[in-house]
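S.K.: the following comprises the amino acid sequence and a computationally predicted model.
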Amino acid sequence: MSLNDGDFVFGRHSGIDFLKTQSADRINKVFLQTGVANDFAGQVYALAKKKRLVVQEVPKHKLDHLANGGNHQGLVLAVSSFEYADFDQLLDQLDQKEEPFLLMLDSIEDPHNLGSILRSADATGVDGIIIPKRRASGLTSVVAKTSTGAIDHVPVARVNNLVQTSQLLKDRGYWLFGTDMQGTDYRRWNAKGKTVLVIGNEGKGISPLLKKQMDQTLTLPMVGHVQSLNASVATGILLYQMLNSRNPLS
């Protein structure tokens, strides 16, 4: 198997074997060279379809770059070197806790932000993080380095649809809180009980359909000229408010 520092598997034998034997959570993207033989392309598409993976056809020079000059033979997989938690198993485990706390990230794209969020999550006792499988950073070597070891202690589960996942969580008794410019001052947030904090994309915030699932929205007051904070900084502030709410000083 050819796995370089950029978290890529390339080559027809290695790529096909990885598609056959590894779970969909280990595969972030499938890149297929435009114009490859129909039988090979058909095999790749068939295996990807079984795992609900999207195949992106790209020119040869793109694969040359991804494989760093390696013999990719028309196929490159962007993969995760780190195992994800099984979402259903995670929820079953948290049913044993009195006040589980989950963090849901709506399409955080910057791996440095994800790594920093993992650090804050570990520091404040977050029980698990939920991220989408598409259009978001996964667990990569950059995330691991930025997290300074937190990646090994905070379970991260990937799901297909955050809206459906939110509905499932509400059915299981969780309260959902999201960030919004017009929300309640975060200092008034009571984070006790079965709670999910939802953090939006760096530029777009929480998607409209997901925002409709929120039980309450929270805002961070801004008194300066800049009216937004880095996603990881905002998450850290809110997580420490959660910790303060659940563990008030006597």
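M.R.: Nice, I can see it.

S.K.: scan the chain for its longest helix.
M.R.: When every helix of the chain is counted residue by residue (DSSP state H), the longest turns out to be helix 231-246.

S.K.: any idea how far it is from the chain center?
M.R.: Between the centre of helix 231-246 and the centre of its host chain there is 18 Å, according to C-alpha atoms, centre = their mean, to the nearest Å.

S.K.: how about stretch 163-172?
M.R.: Stretch 163-172 sits 17 Å away from the centroid of its parent chain (C-alpha atoms, centre = their mean).

S.K.: and what of stretch 80-88?
M.R.: On the basis of C-alpha atoms, centre = their mean, stretch 80-88 is displaced by 10 Å from the centre of the chain it belongs to.

S.K.: how about residues contacting it?
M.R.: Around stretch 80-88, the neighbours that count as contacts under C-beta atoms under 8 Å, 6 or more residues apart in numbering are 3, 7, 25-28, 128, 130, 138-141, 144, 151, 155-159, 165. For glycine as for every other residue, the C-beta is placed from the backbone atoms N, C-alpha and C.

S.K.: go again using 7 Å as the cut-off
M.R.: Defining contact as C-beta atoms under 7 Å, 6 or more residues apart in numbering, one finds that stretch 80-88 is touched by 7, 25-26, 28, 128, 138-141, 144, 151, 155-159.

S.K.: counting neighbours, which of these end up buried?
M.R.: 7, 25-26, 28, 128, 138-140, 144, 151, 155-159 (16 or more other C-beta atoms under 10 Å).

S.K.: one step back: what about the contacts of stretch 80-88, which are in strands?
M.R.: Judged by DSSP state E, strands contain the following of the contacts of stretch 80-88: Asn28, Gly128, Val156, Ala157, Arg158, Val159.

S.K.: closest one of those residues to Ala37?
M.R.: Compare each of the ones in strands among the contacts of stretch 80-88 with Ala37 using C-beta to C-beta and the shortest gap goes to Asn28, at 24.8 Å.

S.K.: and the helices in this structure?
M.R.: Secondary structure of the chain (DSSP H): helices located at 12-21, 38-50, 60-66, 87-94, 111-124, 141-147, 162-171, 208-211, 231-246.

S.K.: hang on, the earlier thing: got TSV for the ones in strands among the contacts of stretch 80-88, with pLDDT and distance to Leu210 too?
M.R.: Shown next, in TSV, are the ones in strands among the contacts of stretch 80-88 (pLDDT from 0 to 100; distance: C-beta to C-beta, whole Å):
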residue	pLDDT	distance to Leu210
Asn28	84	21
Gly128	98	18
Val156	96	18
Ala157	95	16
Arg158	93	16
Val159	94	12
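
S.K.: quick one: which of the residues you listed is nearest Ser232?
M.R.: Using C-beta to C-beta, the ones in strands among the contacts of stretch 80-88 come closest to Ser232 at Val156, 14.9 Å.

S.K.: so which residue is dead centre in this protein?
M.R.: Within the chain, the residue whose C-alpha comes closest to the C-alpha centroid is Ile131; the distance, by C-alpha atoms, centre = their mean, is 3.0 Å.

S.K.: tally of neighbours for the nearest residue to it once chain neighbours are set aside?
M.R.: Leaving aside its chain neighbours, Ile131 sits nearest to Leu105 (5.0 Å; criterion: C-beta to C-beta, 6 or more residues apart in numbering). A count of neighbours around Leu105, defined by other C-beta atoms under 10 Å, yields 25.

S.K.: hmm, Lys194 is touching Gly173, no?
M.R.: Yes: because the distance of 5.0 Å satisfies C-beta atoms under 7 Å, Lys194 is recorded as touching Gly173.

S.K.: ok, the two, which is more surrounded?
M.R.: Comparing Lys194 with Gly173 by other C-beta under 10 Å, the one with more neighbours is Lys194, at 18 against 10.

S.K.: how many other residues sit next to the nearest residue to the more buried one once chain neighbours are set aside?
M.R.: Nearest residue to Lys194, sequence neighbours excluded (C-beta to C-beta, 6+ apart): Tyr174, at 4.5 Å. Residues lying near Tyr174 (other C-beta under 10 Å) number 21.
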